[in-house]
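# Have a look; sequence and predicted model below, questions after that.
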Amino acid sequence: MSEGTPAAGEAATVADQAAREQLRYLRGSIDNLDAALVHLLAERFKCTQQVGELKARHSLPPADPAREAAQIERLRRLAEEARLDPAFAEKFLNFIIDEVVRHHKAIARQNHA
């Protein structure tokens, strides 16, 4: 082997280092996206809190099945356009809706107490 040619072990080390760098970069992007998701969810829940208060003041039911079904269908379409599994998107939205309805019920109980 000539002096200018790296040994197989050295080449693997360079490749491993490049993979670690790329992994660090990708994980940084994931961390940023997770932070954005948390902030977006916080903003969403600020809005749904106001909806819950409005519903409670006007004795409206905490859940709106027609609205929820329309939102699920809308989110499934958006997921398909974004090449995200629509079933996953639906599960995600159902989780959020369940939490929102739970909050709305609690607000209604507080207003009637």
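Noted; the coordinates are in hand.
# quick one: the helices in the chain?
Counting by DSSP state H, the segments of the chain that form helices are 8-57, 65-81, 86-112.
# Please identify the most buried of those helices.
When neighbours are counted by mean count of other CB atoms under 10 Å, the highest per-stretch mean among the helices of the chain falls to helix 86-112, a mean of 15. (C-beta placed from N, C-alpha, C; glycine too.)
# Helix 65-81 and that one, what's the angle between them?
Counting by axes from the mean of the first three to the mean of the last three CA atoms, to 10 degrees, helix 86-112 lies at 150 degrees to helix 65-81.
# Which neighbouring elements make contact with helix 86-112?
Here helix 86-112 touches helix 8-57, helix 65-81, going by 3 or more CB pairs under 8 Å, 6 or more residues apart in numbering; DSSP states H and E.
# out of the ones you listed, nearest to Ala108?
The stretch from these with the least distance to Ala108 (CB to CB) is helix 8-57; that distance is 4.6 Å.
# How far off centre is the closest one?
Mean C-alpha position of helix 8-57 versus that of the full chain (CA atoms, centre = their mean, to the nearest Å) differs by 9 Å.
# now do stretch 104-113
Computed by CA atoms, centre = their mean, the chain-centroid distance of stretch 104-113 equals 27 Å.
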